[in-house]
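1. build me a structure from this.
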Amino acid sequence: MEPRLICIDKRRISGRMGGVMSLRLAVLGSGSGSNCQSIFNAIADGRLDAEVVIVLSDHEDAYILERARQHGVRAEYMDCGGFKNKFPLEVQEALAKKLQELDIDLICLAGFMRLVKAPLLEAFPRRILNIHPALLPAFPGVEAWTQALNAGAKQAGCTVHYVDAGMDTGEILMQAYVPVLPDDTPQTLHARIQVQEHILYPAAILSAISRL
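-> Sure, this is the predicted structure:
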């Protein structure tokens with residue numbers, strides 16, 4: 001079975017002044033930033049009328065920051081005080097203030113591995129998106145593609161959802177299906193899911209801004 005996209009809205013979004021709006025995005029990531037790159041690509045080829053204003057990472061050497069620099073986008077490291085997984089509230093408070101000052105419309109999590117809590121959620125209600133490599137609500141958390149294989153799932157995929165205070169529990173915005181093949185390994189399945197992620201995320205961003 002071929003991967004099947006659902007709920008894709010490719011319309012351009014009317015701007016605040018009646019024209020086409022340039023959406024102001026902030027991207028948060030912890031790793032290589034391939035989904036961030038898909039956003040840059042969608043902007044470059046005209047599928048997404050948006051501007052990535054800032055890219056932030058909780059890892060100083062994360063390649064997502066280099067991707068931002070290559071595109072001339074502001075790239076910043078967020079110091080989380082040495083905590084491996086915790087996202088300190090004071091860091092979230094400072095980040096919320098910074099992003100409000102930058103007039104950010106939408107925050108896009110792209111492989112960001114810390115839970116967002118009240119300071120950001122309250123500052124940006126229904127304006128934070130995440131992309132997860134599974135068909136939520138199945139297989140939340142880390143290495144969802146491996147979870148799917150271990151469970152004997154016949155279908156895998158990816159989900160873009162609004163972020164709430166839970167782990168991958170927010171309202172689902174869009175999903176894309178990817179079949180699990182008999183000879184799949186975690187690596188091959190993950191690679192095919194990522195292909196769909198890179199299509200799905202820019203489309204979901206368009207849909208999200210139409211709901212603001």
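
2. which ones are touching residue 144?
-> 132-134, 156 (C-beta atoms under 8 Å, 6 or more residues apart in numbering). C-beta here means a position set from N, CA and C on the backbone, and glycine is covered the same way.

3. can you do 6 Å?
-> 133-134 (C-beta atoms under 6 Å, 6 or more residues apart in numbering).

4. how close does it get to residue 159?
-> 9 Å (C-beta to C-beta, to the nearest Å).

5. how about residue 27, what does it touch?
-> Neighbours of residue 27 in contact, by C-beta under 6 Å, 6+ apart: 36, 52, 55, 108, 110.

6. so what's the gap between the top helix by length along the chain and the chain middle?
-> The residue-count maximum for a helix in the chain (DSSP state H) belongs to helix 186-210. Averaging C-alpha positions (C-alpha atoms, centre = their mean, to the nearest Å) puts helix 186-210 9 Å from its chain's average.

7. skipping adjacent residues, who's closest to residue 168 in space?
-> In space, and not counting its chain neighbours, residue 168 is closest to residue 140: 3.6 Å by C-beta to C-beta, 6 or more residues apart in numbering.

8. the one you found is in what secondary structure piece?
-> In this structure, residue 140 sits in neither a helix nor a strand according to DSSP states H and E.

9. count of neighbours near residue 182?
-> Residue 182 has 4 neighbours, counted by other C-beta atoms under 10 Å.

10. one more: the one 3 residues further on?
-> The tally of other residues near residue 185 (other C-beta under 10 Å) stands at 12.

11. what do you get for residue 188?
-> 14.

12. tell me the SS of residue 32?
-> Using DSSP: H, G, I helix; E, B strand; the rest coil, the secondary structure recorded for residue 32 is coil.

13. okay, and the beta partners of residue 77?
-> residue 57 (DSSP bridges).

14. neighbours of it, how many?
-> When neighbours are counted by other C-beta under 10 Å, residue 77 comes out with 13.

15. same check, this time on residue 24
-> 16.

16. now the residue nearest to residue 168: how far from residue 26?
-> Counting by C-beta to C-beta - residue 140 and residue 26 are separated by 23 Å.
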